[in-house]
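Peer 1: got a predicted structure here, sequence first:
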Amino acid sequence: MNNIYLTDLIDISLLQRLQDSFSAATGLAAQTTDADGKPVTQRSNFTEFCSKLVRNSEPGHVRCEECAKKGAECTLKSGKSEAYRCHTGLTDFSAPIMLQNQMIGCFVGGQALTEEPIRKKCDKYAMELGIDKDVYWNAITEVPVIDKERIESAAMFLFESASVLSDIAYGKYRALESAREMENVSNMKSEFLANISHEIRTPMNAIIGMTEVALREEMPPAVKDYILQIKNAGNSLLSIVNDILDFSKIESGTISIIPEKYELMSIVHDATNILMNSRGEKDIDLFISLNPTLPRYLKGDSLRIKQVLLNIANNALKFTSEGYVRIDIDYETVDENHLNLIFTIKDTGIGIPDNQLEDIFESFHQLDSRRSRANEGAGLGLAICKKLIETMGGNISVSSKCGEGSIFRFELIQEIMNHSESFNIENKKKLHGFALISNNNELTFMEKEAKKHSIRFTSLDCFDDFKKYAAEEGSQTTDEKIYFFTDESTFDSVINDNTKFFKDVVFIVFTDYKSFRPSTGNIIFVKKPLSTIAIDIALSAHEAETNNSKKSEKIVFTAPEARILVVDDSLVNLKVVSSLLKPLKMQLETANSGFKALEMLKNNYYDLVFMDHMMPEMDGIETTKQIRRQYPEHSSMPIVALTANAVGGAREMFLAEGMSDFVAKPIEITKILSVLENWLPSEKIIRTE
Ligand code: ADP
C-alpha cells in the first residue's frame, strides 16, 4: 500500500466536480489536497483575502497547507467533523480521505468568519505573515461573517463527502489489487509453462535424436517400424510442447519479433521441403505460386512468417484427403519502401462449419474431436498464428465451406530492402510450352504459371498431337523456343524414346518429390511440388547447360587430382554444377545437405568445397561454421559459397562467416574457373592448349 497517491485512485475531475458542488451548495470555499495538504484540484469559491493575500505570501502558503493537514488529522482523531480557527483568524474545516488506515488526502472547506474580526489580533496575524497591517485589515473585513450553525452543517456535509470519497478510493484500490494479482498469477502460469516446456524439450531432443541414430543401423523391419513410430510420436509431442512454449511467451508478452533482411524465396524453399515431408504418402497436390515481381529482399521476422505459413499449410494438408493445397504469395505496393505481403493458403479439404469460423483463432480450440482425433495438436496453432501476425502489425482471416475446403489469408507490411525482382523473367526468345499432363489441377496451375513466365501455352491430349505440330512447324522456320512439360509416368510410357528426335525441344519432367533422376541433354527432371520456383529452376537449368556447352572450348586447364565437394540441397542444382565442372575432369563428390557434408568431411579431405547458401535445417553459413569449429584439420580448406544472394556486401558477409569466396547464381563457368584457379593448389592444375 506504499506510495498510493489520491489521484491514482480517484480521478481529479471527479474530485473537482464534488468540491465545486459543495461550494455551490454552501457558498463556502473548498479545495482537495493530498495527504500533505498540497492542492490537487483548482480552488472553488476562494475569498480574495485567502487567494490574493494570504496564499500569495510564502509563509501564508506553507501555513495553509499545514492547517489543512492538521485539521484533517484532528477530524480523524475525533471521528467527527471539526471546525477550527486557522492561522489567519478565519474558520475552516478539513476531513481526511482514507484508504483503510492511511490518510491519502484532505477535503478542505470554510474561509468564513463566525464573528466580527478584532483589529489587534489581525495586526498580529499580519505581522506573522509579513503583510501590511492595513492591507490585511481591509481585506479581512470583506470576508462574510456567518453563523456557527451554518459552518457546522457545512463541516458535516464535507465530512460525509470525504467519507464517500474514501469508499470510492477503497473500491478502486481493490480493483487494482485484484488486477495486479491476476497479472501475477498469469505471469506465474506463463513462466511455469515456459520453464516446463523448456525442460521437456531437452530430453525430447535426445529421444528424437537417438531414434534417428538408431534408424541408421541395420535392424529387423519390425524393430525399425517401432523406432519410426517412436520418432513420429516424439516429433508430434515436441511440436505441441513448442506450441505451448510459444503461446506462454505470447501470453506473458515476452515474444520477440526480430526484423532482419531476408530473402522471401528462402522461406518458400524451406517451407516447401518441410511441407512435402509432412504430406507424406497422402495423394494430394501441393502448389506454390509467387508473384515473380516480388522484391527479392525484404525486412521482417522471416522465422515467424515461416512459422505461421507452416502452421496454416500443415493444417491444410492435415484436413485435406483429396484434391490440393495451394499457396499463393502476392503483394500490394504501399509506398516506395513498403509492401503489403499477402499469403493465401487454399485447400480442398473438409472445411470448417460456419458457426465455428469465429472461434477458430481462439486458444485450445479444436473443432469436434471426431475430426481432430486422428490429427495430433493442442488447438494452439492458429491462436499463435493470429497473435504473431498481429504483433507484427498484420492481420489474418479465414473463409471456408464445409465439405469444399478453406482459404486462410494473412498479410503484413514489410520493408523493401532491395527492389530487384525475385525472378528475372526476361525471355530473350519467344517461348512456347506444350503440356501433356493428366492431372487437371496440375494442368491448370501450369497454364497460369506459363503466363507469368511469358510462355505461350498449349495443352495436349496425346503425344501424337505434339508430333503433328512438330511436323507442321518443322517445314517453317520458327524463332520460338519449345518446352514440353509432362509428368514422370507419361514421360516414361510415351515420350522418353522420342526425345532424341526433338533435339531443340526441352523436355521438363516433373518427378515425385523423393525421386532423383539426373537431367541429361534436353531432358530436365524437376522434383514436385509444382511451383513458380521449380519452373524457374527448370528453365534456367537448361540455359546453364547450353551456356556450358557453348563455352566449354574456353576451358584452359584440367585438375584430375583435385577433390571437390559440392553441397546443395537441390538435386537440379547439383546436376548443374556437376555438368559445368565436368570438362575440368576433377574428382567431384556431392552432398545434398549440410549434415551430409559434415559426415563426409569426417573422413575425407577435399581441395575445395562449393557450398550452397540457402539450405533447409542447416544452411551454408551454419555448415561452414560447424566445419571450421569441428574440423581444425580443414581450417585452411577453401569453402566457396554458391549463392543467389549477390547484392553488394554479400562477399564481405560470406568472408566474415568463415567462407573463402563466393560465386553468384546463376553460375557462369568463367567465374567458377577463376575461383578454381585462385584456390586450388597450383600443382594440381594442368594447363591445356
Ligand atoms: P491444432 O494444432 O490442434 O491443429 P490449430 O489451432 O492449428 O490447432 O487448429 C484448430 C482447429 O481448427 C483444428 O483442430 C481443426 O479442427 C480446425 N482447422 C484448422 N485448419 C483447418 C483446415 N484447413 N481445414 C479444416 N479444419 C481446420
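Peer 2: Sure, I can see it.

Peer 1: what strand or helix carries the closest residue to the ligand within the stretch 1-150 of the chain?
Peer 2: Evaluated by CB to the nearest ligand atom, the stretch 1-150 of the chain has D8 as its residue closest to the ligand, separated by 40.0 Å. Every C-beta, even on glycine, is put in place using the N, C-alpha and C of the backbone. In the assignment (DSSP states H and E), D8 maps to helix 6-9.

Peer 1: what comes up buried for that helix?
Peer 2: Going by neighbour count (16 or more other CB atoms under 10 Å), the buried part of helix 6-9 is 6, 9.

Peer 1: from S166, how far off is the residue nearest to I151 when sequence neighbours are not counted?
Peer 2: Counting by CB to CB, 6 or more residues apart in numbering, the nearest residue to I151 once its immediate chain neighbours are dropped is A83, at 5.3 Å. Applying CB to CB, to the nearest Å, the value for A83 to S166 is 20 Å.

Peer 1: do the same with V325
Peer 2: 64 Å.

Peer 1: okay, those two: which has more neighbours?
Peer 2: When V325 and S166 are compared for neighbours, V325 comes out ahead with 29 against 22, by other CB atoms under 10 Å.

Peer 1: which strand or helix spans that one?
Peer 2: If you go by DSSP H and E, V325 is part of strand 323-335.

Peer 1: relative to that strand, what are the paired strands and their orientations?
Peer 2: Strand 323-335 has the following strand partners under DSSP bridges: strand 284-290 (parallel), strand 338-347 (antiparallel).

Peer 1: what is the least confident helix or strand in this protein?
Peer 2: Using mean pLDDT, DSSP states H and E, helix 369-372 stands out as the lowest-scoring helix or strand of the chain, at a mean of 52.

Peer 1: can you pull out the helices in the stretch 301-450 of the chain?
Peer 2: In order along the chain, the stretch 301-450 of the chain carries the following helices (DSSP state H, counting those that start in this stretch): 302-318, 354-357, 369-372, 381-391, 440-452.

Peer 1: quick one: closest of these to E58.
Peer 2: Nearest of the helices of the stretch 301-450 of the chain to E58, taken as CB to CB: helix 381-391 at 54.0 Å.

Peer 1: got the CA coordinates for that closest one in CSV?
Peer 2: As requested, the backbone C-alpha atoms of helix 381-391 are provided in CSV (Å, rounded to 0.1, in the frame of the first residue of the first chain):
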residue,chain,number,x,y,z
GLY,A,381,-1.5,-23.3,-33.6
LEU,A,382,-4.0,-20.8,-35.1
ALA,A,383,-4.1,-18.8,-31.8
ILE,A,384,-0.4,-18.4,-32.0
CYS,A,385,-0.5,-17.5,-35.7
LYS,A,386,-3.1,-14.8,-35.0
LYS,A,387,-1.1,-13.3,-32.1
LEU,A,388,2.2,-13.4,-34.1
ILE,A,389,0.7,-11.8,-37.2
GLU,A,390,-1.0,-9.1,-35.0
THR,A,391,2.2,-8.5,-33.1
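
Peer 1: buried residues in it?
Peer 2: Neighbour-count burial for helix 381-391 flags 381-389, 391 (criterion: 16+ other CB under 10 Å).
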